[in-house]
Structures are given as structure tokens and as C-alpha cells.
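Visitor: mind folding the following:
(chains A and B)
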Protein chains: 2
Amino acid sequence: MPSEASMKAVLQAYLDNFNAGNLDGLTGLFADDAIVEDPVGAPAHNGKAEIRAFYEDAMKNGAILSLSAPIRGSHGNAAAMAFEAKVGPLTIRIVDVMTFNAAGKITSMKAYFGPEDFIQV
Amino acid sequence: MPSEASMKAVLQAYLDNFNAGNLDGLTGLFADDAIVEDPVGAPAHNGKAEIRAFYEDAMKNGAILSLSAPIRGSHGNAAAMAFEAKVGPLTIRIVDVMTFNAAGKITSMKAYFGPEDFIQV
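Guide: Predicted structure coming up:
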């Protein structure tokens, strides 16, 4: 199981790579067979090729991600964070939960936000 | 599937009932066969009797819970929130994820916090 600090560092790297438009850096955080459900309730993206395509699209929106509160760890192989995605005048309020393999790669990501979490500011 | 607003209302009621020491109100939010994993990585509490005993114990600490950011919904049967539990000079940073049945009762709760999320302020 990766350390709590290393899982939190991956969540921070996720935000940083997304904001930098670094698609290789971002997808490199995931295990080859990872599953991304973003948002929870929508069909999942399975495996690195689908995940890369998903983030390539997502980055085109020019969203900037910022933490709403410090990243949380767990007593298991998971970590979570509340953050906001700002796209122009729109803010989306999100909680991400990620699980990890022994090598410290993300094995699953679930993004919790609903239609009412889109805020016009 | 319960509405996003009703799931968020249950998460708020969870905080409010906990802070009020209302054990009946709190456990009434859960389905009879709910599972509580608090924290993630520790053995789960299965079913309402175990859940009630868990919260009866937890309330004895006199923790006060407060949101770190607005509650998030999802496009499925889940909602999530980042919050803090203050116990005297200690603050625990937590993300809770809850899932719901069609009747709007909590079927699972997972609390994400690790040893490094205990902050002395």
C-alpha cells in the first residue's frame, strides 16, 4: 500500500498536470487498467487509452482546478479531495476519490458532482 | 433514485443530527442493511445495530462537524462532502461519500481520513 503522503502527492500532481495541460504527466499517474468514472453515474472510462482520450477532451475546456480544502488520505489505499473546476464564468464543485495499487498508480477515480454543482459566478 | 437535492439534504441532516447528539435522528437516516466504513481501511459496521453502536460511541467524543465546502451530488445515487470534525484542540479533516436507495436512505458511507489528517490547532 502506498503511503498516505504519496497518495496525497498524486492527487496534487493530478491537479497540477491538468492545470499545466500536461496530458502525458496526467495519464502517467494512472495504472494501465485504471477506471475513471467522471462524473459518478456516467459510463466509466476503462484503461489508459480511454482515460487519455477523456482527459484530452477535458483539457480543451480550459478548466482550472483548485482545492476547496486540504486533500484527505485514508487508513486504506485511497485518498479524496474537494475541489473546484473553473471554466470561464462557470464553477463546478467536485469531490474526487482515488484508489491506488502498490506501485502508487491510480487504479480508480470517481468524481462526485451533479447538475446542481454547476455554479454561475 | 433520490433527487440530488434530497441526497444533499440527508448529508446536511447527518451533520446536524450528529452535532445535536440526536442518535435516533442520525441512525434514522440509514437503511437497515447499510454499511459504514469510517475510516476507509478499518473494519466496516454492518447493519443498523452496529451503526447505532458506532455513532453512540462517536458522539461521546463531543466532536463538532462543520463543512469545509458545499456538499456535492452526483449523476448517480451518491453524494459527497468535505468537512472537519473538531474535538477540543484537535481537527480531523474528512471526506464522506454516501450512497442511497430509492427511498432516500443511506446504503453506504465511507469516511476518508488518514493518520495525517489529524491536525492540532
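
Visitor: which residues of chain A lie near chain B?
Guide: Residues of chain A found near chain B (CB under 8 Å from any CB of the partner chain) are A:4-5, A:8, A:39-42, A:68-70, A:72-82, A:93-95, A:97, A:110, A:112-117. From N, CA and C alone the C-beta is placed, and that goes for glycine too.

Visitor: pull out the buried members of these.
Guide: Restricting the residues of chain A next to chain B to buried positions leaves A:4, A:8, A:39-41, A:68-69, A:72-82, A:93-95, A:97, A:110, A:112-114, A:117, with burial counted as 16 or more other CB atoms under 10 Å in any protein chain shown.

Visitor: so who does A:Asp73 touch?
Guide: I think there's a mix-up here, since residue A:73 is Gly and not Asp. By CB atoms under 8 Å, 6 or more residues apart in numbering or on different chains, the contact list for A:Gly73 reads A:Glu4, A:Ala5, A:Met7, A:Lys8, A:Ala79, B:Tyr112, B:Phe113, B:Gly114, B:Pro115, B:Glu116, B:Asp117.

Visitor: grab the nearest non-local neighbour of it.
Guide: B:Gly114 (3.0 Å; CB to CB, 6 or more residues apart in numbering or on different chains).

Visitor: please list all residues in contact with that neighbour.
Guide: Neighbouring residues of B:Gly114 by CB under 8 Å, 6+ apart: A:Glu4, A:Arg72, A:Gly73, A:Ser74, A:His75, A:Ala79, B:Pro39, B:Gly41.

Visitor: how does it look with 6 Å?
Guide: When contacts are counted by CB atoms under 6 Å, 6 or more residues apart in numbering or on different chains, B:Gly114 touches A:Glu4, A:Gly73, A:Ser74, A:His75.

Visitor: same question for A:Lys105.
Guide: Residues near A:Lys105 by CB under 6 Å, 6+ apart: A:Ala31.

Visitor: so which of the buried ones among the residues of chain A next to chain B are in strands?
Guide: Assigned to strands by DSSP state E, the following of those qualify: A:Ala78, A:Ala79, A:Ala80, A:Met81, A:Ala82, A:Arg93, A:Ile94, A:Val95, A:Val97, A:Lys110, A:Tyr112.

Visitor: can I assume A:Glu37 is in contact with A:Ala44?
Guide: Yes. A:Glu37 lies in contact with A:Ala44 (CB atoms under 6 Å); the separation is 4.5 Å.

Visitor: okay, these two: which has more neighbours?
Guide: A:Glu37 (20 against 16; other CB atoms under 10 Å in any protein chain shown).

Visitor: from the contacts of B:Gly114, which is closest to B:Arg52?
Guide: Nearest to B:Arg52, judged by CB to CB, of the contacts of B:Gly114 is A:His75 at 22.2 Å.

Visitor: OK, contacts around that closest one?
Guide: So A:His75 contacts B:Pro39, B:Gly41, B:Ala42, B:Gly114 (CB under 6 Å, 6+ apart).

Visitor: save the residues you listed as a markdown table, and put in pLDDT and distance to B:Gly25 too.
Guide: Listed next are those as a markdown table, based on pLDDT from 0 to 100; distance: CB to CB, whole Å:
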| residue | pLDDT | distance to B:Gly25 |
| --- | --- | --- |
| B:Pro39 | 97 | 23 |
| B:Gly41 | 96 | 28 |
| B:Ala42 | 96 | 24 |
| B:Gly114 | 97 | 29 |
